[in-house]
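Asks: okay, here's the prediction I keep looking at, along with the sequence it came from:
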Protein chains: 2
Amino acid sequence: MARVTLADVARAAGVDMSTASRVLRGEATQRVREETRARILKVAGELQYLANPLARGLRTQRTDTLGIVVPQLDNPVFASAIRGAELAAARLGYSLLISHREPGETATTIAKISQTNRVDGLLVASLDDDEVLRTDLASAEVPFVLMNRILPGARLSVVLDSRAAARKAVDHLTALGHRRIVHLAGRAGGFNARERLQGYRDGLAAAKIAYDEDRVAVAGYTAEGGALAMRALLSQKPTAVLAATLVSAAGAMATLHEAGLRIPEDVSVIGLHDAPVAAMLYPPLTSVAMPTEEMGRVAATLLIRALAGETPDPVPPLPPGDLIVRRSTGPLLP
Amino acid sequence: MARVTLADVARAAGVDMSTASRVLRGEATQRVREETRARILKVAGELQYLANPLARGLRTQRTDTLGIVVPQLDNPVFASAIRGAELAAARLGYSLLISHREPGETATTIAKISQTNRVDGLLVASLDDDEVLRTDLASAEVPFVLMNRILPGARLSVVLDSRAAARKAVDHLTALGHRRIVHLAGRAGGFNARERLQGYRDGLAAAKIAYDEDRVAVAGYTAEGGALAMRALLSQKPTAVLAATLVSAAGAMATLHEAGLRIPEDVSVIGLHDAPVAAMLYPPLTSVAMPTEEMGRVAATLLIRALAGETPDPVPPLPPGDLIVRRSTGPLLP
DNA sequence: TTGAAAGCGCTACCAC
DNA sequence: GTGGTAGCGCTTTCAA
């Protein structure tokens, strides 16, 4: 159990702790004789020395650890953002501490992780309202970068270009000949929901289809929400539907099946975001991939640069990935 | 940024650091005058004092933090085990540090988390072979509890009763009149796979159905595996299938759809484990719920007790939860 | 090129 | 009941 200390190494190598520290830390100005250096390294290796991070952190006031707070773990979007953040962090010498904030939970998670777990900075994703998030963030004791949303006043955030993604999805649909396209929107008032709705309208406009607000229903980010919203939109006799997420697309598909409508013969369905679960639905869902892993990567990189004292420029929204055509979309049949 | 130290509080309250430490820590033998006590508490509150966990940990050699390492995050099984562990840990005054071990990753995760992230103990879930896991664990610098599997030599582990779960699923199928039941098995050689196969055989035996190894195919834990295994078993003309997991069930359903077989009219499908995704499949999947959250809870509790110096008895497998009847299973039609 | 020494902020032991 | 004080293991001046 991490028994061997720096003092042990120093003693065994016949040098002072400070010298051992210098070489073991790979200090820039290596004012150490090569011979001594080698000896210390050798001894440290033999003894399997590992610095005690607590002692080091106490002394340096840094932990080389980033925290990431997500609203839920079993969500491909956040899972892959975590992966990206972890990779980037590791590459830059940081480790990542994952934390999740349960839906009903009070605003303590951010405070807790930034206080009890000693992180140098925080990556935060949240589904909360602006006000709630702002309050949470106020208790952050460290610099942070927001993921997947913006918040007035929070300078550093990395978001996906949901508008372009929705546009891309609608383009696919219109190219297939669809014109009665309904939209299952995200959480009312949310940043991404707004963007996606705008992209939906962009796509409609590009195909010279008039926008009709009766063809939009709020589905939120649950399967039930998607099912309900789809049910409400059935009266519009849509030939295609753009769902804001995979999950709401799944809900919508359940409603369509129940209504005896065939996918894609009667109604095409497309979702935003891609993940393995898209292929597990029936029929496999066509979707626009989103660079969620890159989002995590970029966010971590940004944060680490900010931690290093730089003042990085805000990054533009990350453009959507490929359109993954599976079997839930097809040409408009006469 | 956690600027205010114990010394600040002590000074402001006009007492010695050691006294302040005693009351702030809520030490058992509170040999402190009530008046002094109140004053210290008041000052600490005003100053918003928060102990520096690095300093405390360095001194006490404990961090009151548990690590949990899972093979994947976006898997409902592990996500809910994490939730359970977190709840139990929080209740017992510990916080939880989540880490995941990417599939291809070398055996460093356990070593890393137990060394660089100061944890008092580890909760570990793994899909690796015994040998690999054993090697990994050898580098653990702290006590650990295994989740969802056993490993000869590792005394503390908490598993689900997969055998009983599979039996329960088969009972449902046989009660519906099915007799040609195939099994999509888990990873060959795996603990859970073995248990589930045994439960499958138990269920068959109870219904006086002869076991036929041609009716079992290894699907592993992916949708593709499930699809492939299902395809291989189609020649058995099954009327029902027991999939080892939700994901392999989803794969199997895709194969059945492709083959033009209706679910459940032609073939009933049941999976083990329940999660929201089960309801998103088409048709919604009948499954046997498993107490994965409890698994996390129990594992964390066990670990904390072990950390406290107790030698807790091994816990028996956790019995399966309810049979959730959705629409993928139905009576055998003539 | 190397060593000595002063803490980082806290706890725990011992003295008063 | 309360205060002094010695470190936990490390980094980082500053001297030598």
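Replies: Yep, that arrived.
Asks: just give me how far stretch A:162-176 sits from the chain centre.
Replies: 22 Å (C-alpha atoms, centre = their mean, to the nearest Å).
Asks: over to stretch A:6-18?
Replies: That offset, for stretch A:6-18, works out to 44 Å (C-alpha atoms, centre = their mean).
Asks: that one near chain B anywhere?
Replies: No. With C-beta under 8 Å from any C-beta of the partner chain as the criterion, chain B is not reached by stretch A:6-18; the gap is at least 13.3 Å. Yep, even glycine has a C-beta here, placed from its N, CA and C like the rest.
Asks: do that stretch and DNA strand D meet at all?
Replies: Yes. Counting by C-beta under 7 Å from any atom of the strand, DNA strand D has neighbours in stretch A:6-18: A:6-7, A:17-18.
Asks: in JSON lines, list these along with pLDDT, secondary structure and distance to B:Asp212.
Replies: Below are the residues of stretch A:6-18 next to DNA strand D laid out as JSON lines (pLDDT from 0 to 100; DSSP: H, G, I helix; E, B strand; the rest coil; distance: C-beta to C-beta, whole Å):
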{"residue": "A:Leu6", "pLDDT": "96", "secondary structure": "helix", "distance to B:Asp212": "64"}
{"residue": "A:Ala7", "pLDDT": "95", "secondary structure": "helix", "distance to B:Asp212": "67"}
{"residue": "A:Met17", "pLDDT": "95", "secondary structure": "helix", "distance to B:Asp212": "70"}
{"residue": "A:Ser18", "pLDDT": "94", "secondary structure": "helix", "distance to B:Asp212": "73"}
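Asks: out of those, which are close to DNA strand C?
Replies: Within the residues of stretch A:6-18 next to DNA strand D, those near DNA strand C by C-beta under 7 Å from any atom of the strand are A:17-18.
Asks: could you turn the buried ones of the residues of stretch A:6-18 next to DNA strand D into a PyMOL selection?
Replies: To isolate the buried members of the residues of stretch A:6-18 next to DNA strand D in PyMOL, using 16 or more other C-beta atoms under 10 Å in any protein chain shown:
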select buried, chain A and resi 6
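Asks: which one of the residues of stretch A:6-18 next to DNA strand D sits closest to chain B?
Replies: A:Leu6 (13.3 Å; C-beta to the nearest C-beta).
Asks: pretty sure A:Glu54 sits in a helix.
Replies: If you look again at residue A:54, you'll see it is Leu, not Glu. Yes. Counting by DSSP: H, G, I helix; E, B strand; the rest coil, A:Leu54 falls inside a helix.
Asks: if we can go back for a sec, from the residues of stretch A:6-18 next to DNA strand D, which two are the most distant?
Replies: Across these, the longest distance by C-beta to C-beta is 10.9 Å; it joins A:Ala7 and A:Ser18.
Asks: pop out the phi and psi values for the residue in the stretch 201-334 of chain A that DNA strand D sits nearest to.
Replies: Nearest residue of the stretch 201-334 of chain A to DNA strand D: A:Ala308, at 14.1 Å (C-beta to the nearest atom of the strand). Main-chain torsions, A:Ala308, degrees, to the nearest 10: phi -80, psi 0.
Asks: lowest-pLDDT helix or strand in chain A?
Replies: When each helix and strand of chain A is scored by mean pLDDT, DSSP states H and E, helix A:109-116 comes last, with a mean of 79.
Asks: which outside residues touch the helix or strand following that helix?
Replies: Using DSSP states H and E, the helix or strand that follows helix A:109-116 towards the C-terminus is strand A:121-125. Contact with strand A:121-125 is made by A:66-71, A:78, A:81, A:85, A:110, A:113-114, A:137, A:140, A:142-149, A:296, A:299-300, A:303-304, A:306-307, as judged by C-beta atoms under 8 Å, 6 or more residues apart in numbering or on different chains.
Asks: drop anything exposed from the residues you listed.
Replies: Here, 16+ other C-beta under 10 Å leaves A:66-71, A:78, A:81, A:85, A:110, A:113-114, A:137, A:140, A:142, A:144-149, A:296, A:299-300, A:303-304, A:306-307 buried among the contacts of strand A:121-125.
Asks: strands - which of those residues land there?
Replies: A:66-70, A:144-147 (DSSP state E).
Asks: which SS class is the residue in the stretch 51-200 of chain A positioned nearest to DNA strand C?
Replies: Residue nearest to DNA strand C within the stretch 51-200 of chain A (C-beta to the nearest atom of the strand): A:Arg59, separated by 3.5 Å. Secondary structure assignment for A:Arg59 (three-state DSSP): helix.
Asks: low-confidence ranges, the stretch 1-150 of chain A, go.
Replies: A:1-2, A:28-30, A:102-108 (pLDDT under 70).
Asks: rerun at 80
Replies: By pLDDT under 80, the low-scoring segments of the stretch 1-150 of chain A are A:1-2, A:27-31, A:101-109, A:111-112, A:115-117.
Asks: enumerate the residues of it near DNA strand D.
Replies: So the stretch 1-150 of chain A meets DNA strand D at A:5-7, A:17-18, A:21-22, A:24-25, A:49-52, A:55-56, A:58-60 (C-beta under 7 Å from any atom of the strand).
Asks: now stretch A:237-247: buried residues?
Replies: In stretch A:237-247, counting by 16+ other C-beta under 10 Å, buried: A:238-247.
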